[in-house]
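Enquirer: no sequence for this one, just the structure:
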């Protein structure tokens, strides 16, 4: 009996790199003088991932420029900083750029992260990428003269598909599409129209990929996580999950550990899961300062197994540990302690389930 377990993505950076980025200012992320620090951060991240017993790892998003959301467009000359704001329950906000002119192009693709990580490990490397629906929020509501939204969407879809294929070509074991704006869409528009438009847009991109490629893709959903806070935890999963499972991918990574009523969410998943799907349920809460025990994880897996067929069950973390490059709210030591608990606890549950199968 084997239950796969995978991380979501980000790990807090080492203190030396954090200080160097602070000293070098906003442009520090691409400062060639920091290459040695980035190299050491990625090597250390991979080594510590391997030490947890993880069979699937990431590079910890050590080089993702600024955050998981805008890494691909940070520095675009045809953007302004006054785009859409994402507000968190703690009272702080994160602002994304606003596109000012066409055409839309990525500044960088995530396959570079895959290529570098695979130089330093033989363990499977997954790569997270931002969703088309997430980046669609760069286009201003009032439009752009000479660059209609239809032209932007075509450029956006092409760039997303290019990034996914480049990651797969570089050897990514999985490509995870970050769709944290899914639950937020319901909060912004309780009618569900915005969520439907996001699902439709993402499926337009997925339709350009083959069925084999789609099976190597996954979608991650969570209520957002930043500075130990969330942006949409008050949104009912019942308003999201039936639509989410209409996405044409093989894997779903669903934040669950931080939910007040996990059983209710599992019942919804049980009713919408399809035979071709694997659901990785969150068994670790990155924004909870307490390090879960392996026994905590085991019990959460056993709970999930009552609702999700074992052949379709996996485990994950609810979110990355520093998705907006908040490298101080959670330490690296805490992040890897939680990851080890996930790996060990999942194996404990698999052994127990195997003994009773």
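Expert: Perfect, thanks for sending it. This one's a predicted model, so the numbers in the text were calculated from it and none came from an experiment. Numbering: from 1, shown residues only.
Enquirer: how about the strands in the protein?
Expert: For the chain, strands defined by DSSP state E occupy the ranges 56-57, 79-80, 85-87, 93-95, 98-99, 124-125, 127-130, 175-178, 217-221, 251-254, 278-284, 313-317.
Enquirer: Name the residues of the longest one that are buried.
Expert: Read it as strand 278-284. 278-284 (16 or more other CB atoms under 10 Å). No exception for glycine: its C-beta is placed from N, CA and C like everyone else's.
Enquirer: Just give me the longest helix of this protein.
Expert: Criterion DSSP state H: the longest helix present in the chain is helix 332-355.
Enquirer: just checking, what packs against it?
Expert: Secondary-structure packing of helix 332-355 (3 or more CB pairs under 8 Å, 6 or more residues apart in numbering; DSSP states H and E): helix 35-51, strand 278-284, helix 294-304, strand 313-317.
Enquirer: quick one on the thing from earlier: may I see the strands of the chain arranged in a markdown table, with distance to residue 71 and mean pLDDT as well?
Expert: As requested, those are exported to a markdown table (distance: least, CB to CB, whole Å; pLDDT from 0 to 100):
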| stretch | distance to residue 71 | mean pLDDT |
| --- | --- | --- |
| strand 56-57 | 19 | 97 |
| strand 79-80 | 13 | 94 |
| strand 85-87 | 16 | 82 |
| strand 93-95 | 13 | 82 |
| strand 98-99 | 16 | 95 |
| strand 124-125 | 17 | 97 |
| strand 127-130 | 7 | 96 |
| strand 175-178 | 10 | 97 |
| strand 217-221 | 15 | 97 |
| strand 251-254 | 18 | 98 |
| strand 278-284 | 22 | 98 |
| strand 313-317 | 19 | 98 |
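Enquirer: ok so, going back, may I ask which two of the buried residues of strand 278-284 are separated the most?
Expert: Based on CB to CB, the longest span within the buried residues of strand 278-284 runs between 278 and 284 and measures 17.9 Å.
Enquirer: Would you enumerate the residues in contact with the closest residue to residue 63 other than its chain neighbours?
Expert: Leaving aside its sequence neighbours, residue 63 sits nearest to residue 38 (CB to CB, 6 or more residues apart in numbering; 5.6 Å). Residue 38 makes contact with 17, 62-63, according to CB atoms under 8 Å, 6 or more residues apart in numbering.
Enquirer: same thing with residue 322?
Expert: Counted by CB under 8 Å, 6+ apart, residue 322 has contacts 10-13, 61, 329-330.
Enquirer: where exactly do the helices run in the stretch 1-150 of the chain?
Expert: With helices called from DSSP state H, counting those that start in this stretch, the stretch 1-150 of the chain shows them at 15-24, 35-51, 111-118, 132-135, 149-169.
Enquirer: Which one of those helices lies nearest to residue 203?
Expert: Among the helices of the stretch 1-150 of the chain, helix 132-135 sits nearest to residue 203 (CB to CB), with 9.6 Å.
Enquirer: which residues of the stretch 201-350 of the chain score low on pLDDT?
Expert: Across the stretch 201-350 of the chain, the ranges flagged by pLDDT under 70 are 325-327.
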